[in-house]
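In: Fold the following and give me the result.
(chains A and B)
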2 protein chains.
Amino acid sequence: MKKLIVASTSTVHGSAYLEYILPTLAEFFNGVKSIVFIPYARPGGITYDEYTSIANKAFSKIDIKVKGVHEYENAKEAIREAEGIFTGGGNTFELINQVYKNDIFSDLKEVVENGTPYFGTSAGSNLCGVTMMNTNDMPIVYPPSFKTLEFIPFNINAHYLDPNPDSTHMGETRETRIKEYHVFNSISVLGLREGSWLEVTGDSIILRGPHTARLFQQNKEALELTSNKDIKEYF
Amino acid sequence: MKKLIVASTSTVHGSAYLEYILPTLAEFFNGVKSIVFIPYARPGGITYDEYTSIANKAFSKIDIKVKGVHEYENAKEAIREAEGIFTGGGNTFELINQVYKNDIFSDLKEVVENGTPYFGTSAGSNLCGVTMMNTNDMPIVYPPSFKTLEFIPFNINAHYLDPNPDSTHMGETRETRIKEYHVFNSISVLGLREGSWLEVTGDSIILRGPHTARLFQQNKEALELTSNKDIKEYF
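Out: Sure thing, here's the model as predicted:
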């Protein structure tokens, strides 16, 4: 049975990396001794080793060892044999590019569908949707496809930001961008605010954290979904 | 000889569409009676007709007729025979997607290199760079390539926004995103603030408008470039 934590962000303002979600992760990864980390999104362009060491430091607080997928001779085998998987944030274009390049797309899909617990933050959460078409990231590399793993039947907009009524900036708001997306696409989008996450268990999808989440559906008014409720009925 | 206006935005806060730049356009398009408008970027998902009518209304104030490229039976011919060309903003992924789909890439490249005056705003300015890899837009469609027309030897980041020191949002700043881009790419990026534009005449590239522009080069500190100066020496 599928088991995922799909988080908007790794870090909330004023606290350490993963700190806000560590109690949740301790429970989620209960019994897991080590996880495989996918560092491909490279936030700020840091190396895979540097990124893995940041993840390792955070997970050491809940007694879980973290090893980067790049440290294994065979990335496919690493995924297939993982006790648990964590994909960190950064640039979604580069993340998905490397997932294809390292040929782990189908392995990830299979093991997570079959129950390997998966934790994603930001870009790592975008990877759980149907496509990466609602990322906020810059297209710094050209991936072979925008198709993602479809662990959930909709797309994520991570770090969702409400329009600022005082802004004089003429660039599009997040809501405008998602509405433009729905001119061309029918798949729903969930705007996950920082500090929110989804707890996916089989078909159940429960919104967690302090905020509501904003659901965008094609040709419908956007809705605010309440925390601590199963939201699967909307999809 | 190449002749372009490459603007960050169509609209500055508190004024009408193109209003701030109309005096410049009157001079730039001096002698031109009608221009071909490329509405492919579809801001907010509006139709080509709606978008063309907005452009037409603005240009009517300087006695220039605007006809959408979609109104011609043959888009390639429309571009080849245009007295002037204007590409409006919206979504850069969809813009470049349609430029390829309608097979006008090489026609645009050729006529503008040969002197057909070209005006771009936002996505229409991104089209002037080497690639569209520094767009802020959401990847709502998957284009066949990120390669753009290379009228200038660098990329544009339109609507450039300085980091907000008071922000508690954990999403990446514009500067962070561009630095990530330079981990993977060597082409320079010019952050054009709203209200700024480039006046390109042959090899000369003069920054115009009230702001400095921020130049990002691989493995170098970012620089602020001064308005009303030729900036070609940086590329």
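
In: drop to CA atoms for contacts and neighbour counts, all remaining ones
Out: Noted.

In: and residue A:119, helix, strand or coil?
Out: Put simply, residue A:119 is strand when judged by DSSP: H, G, I helix; E, B strand; the rest coil.

In: Let me see the contact set for it.
Out: Going by Cα atoms under 8 Å, 6 or more residues apart in numbering or on different chains, residue A:119 touches A:4-7, A:85-87, A:125.

In: swap the cut-off to 10 Å and go again
Out: A:3-7, A:25, A:28-29, A:35, A:37, A:84-88, A:125, A:128, A:199 (Cα atoms under 10 Å, 6 or more residues apart in numbering or on different chains).

In: Report pLDDT for it.
Out: Note on residue A:119: pLDDT of 98.

In: where's it relative to residue A:202, distance?
Out: Distance check for residue A:119 against residue A:202: by Cα to Cα, to the nearest Å, it reads 14 Å.

In: max-length helix in chain A?
Out: Longest helix of chain A, by residue count under DSSP state H: helix A:48-60.

In: Determine whether any part of that one lies close to chain B.
Out: No. Helix A:48-60 stays clear of chain B (Cα under 10 Å from any Cα of the partner chain), getting no nearer than 13.0 Å.

In: now stretch A:184-193
Out: Yes. Using Cα under 10 Å from any Cα, stretch A:184-193 reaches chain B at A:184-185, A:193.

In: Go ahead and confirm residue A:3 touches residue A:128.
Out: No. Assessed by Cα atoms under 10 Å, residue A:3 is found out of contact with residue A:128, at 11.6 Å.

In: now stretch A:22-34: how far from the chain's centre is it?
Out: Centroid displacement of stretch A:22-34 relative to its chain, using Cα atoms, centre = their mean, to the nearest Å, is 17 Å.

In: List the buried residues in that stretch.
Out: In terms of neighbour count (16 or more other Cα atoms under 10 Å in any protein chain shown), stretch A:22-34 has its buried residues at A:25-26, A:28-29, A:32, A:34.

In: Including secondary structure and distance to chain B, could these go into TSV?
Out: TSV is the format used below for the buried residues of stretch A:22-34 (DSSP: H, G, I helix; E, B strand; the rest coil; distance: Cα to the nearest Cα, whole Å):
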residue	secondary structure	distance to chain B
A:25	helix	20
A:26	helix	23
A:28	helix	24
A:29	coil	25
A:32	coil	29
A:34	strand	27
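
In: Specify which member of the residues you listed is nearest to residue B:133.
Out: Of all the buried residues of stretch A:22-34, residue B:133 sits closest to residue A:25, with 35.1 Å by Cα to Cα.

In: Does residue A:40 touch residue A:92 like I think?
Out: Yes. Residue A:40 is in contact with residue A:92 according to Cα under 10 Å; the separation is 8.9 Å.

In: Comparing those two, which residue is more hemmed in?
Out: Taking neighbours as other Cα atoms under 10 Å in any protein chain shown, residue A:40 and residue A:92 compare with residue A:92 leading, 32 against 29.

In: ok, and the closest non-adjacent residue to the more buried one?
Out: Counting by Cα to Cα, 6 or more residues apart in numbering or on different chains, residue A:92 lies nearest to residue A:123, which is 4.8 Å off, once chain neighbours are set aside.

In: hmm, back to that, tell me, what's touching residue A:40 and residue A:92 both at once?
Out: A:98, A:123-124.

In: Looking at those residues, which one is closest to chain B?
Out: Proximity of the shared contacts of residue A:40 and residue A:92 to chain B (Cα to the nearest Cα) peaks at residue A:123, which lies at 10.9 Å.

In: Which residues does the helix or strand bottoming out on mean pLDDT in chain A contact?
Out: Least confident helix or strand of chain A, by mean pLDDT, DSSP states H and E, is helix A:174-184 with a mean of 95. With contact meaning Cα under 10 Å, 6+ apart, helix A:174-184 is reached by A:133-136, A:157, A:159-163, A:171-173, A:185, A:187-191, A:214, A:216-220, A:222, B:42-46, B:90-91, B:94, B:137-141.

In: How about the residue with the largest distance to the centre of chain A, nearest residue that isn't a chain neighbour?
Out: The centre of chain A is farthest from one residue, residue A:168, which by Cα atoms, centre = their mean lies 30.8 Å away. Excluding the flanking residues, the one nearest residue A:168 by Cα to Cα, 6+ apart is residue B:13, at 5.6 Å.

In: All set now, cheers.
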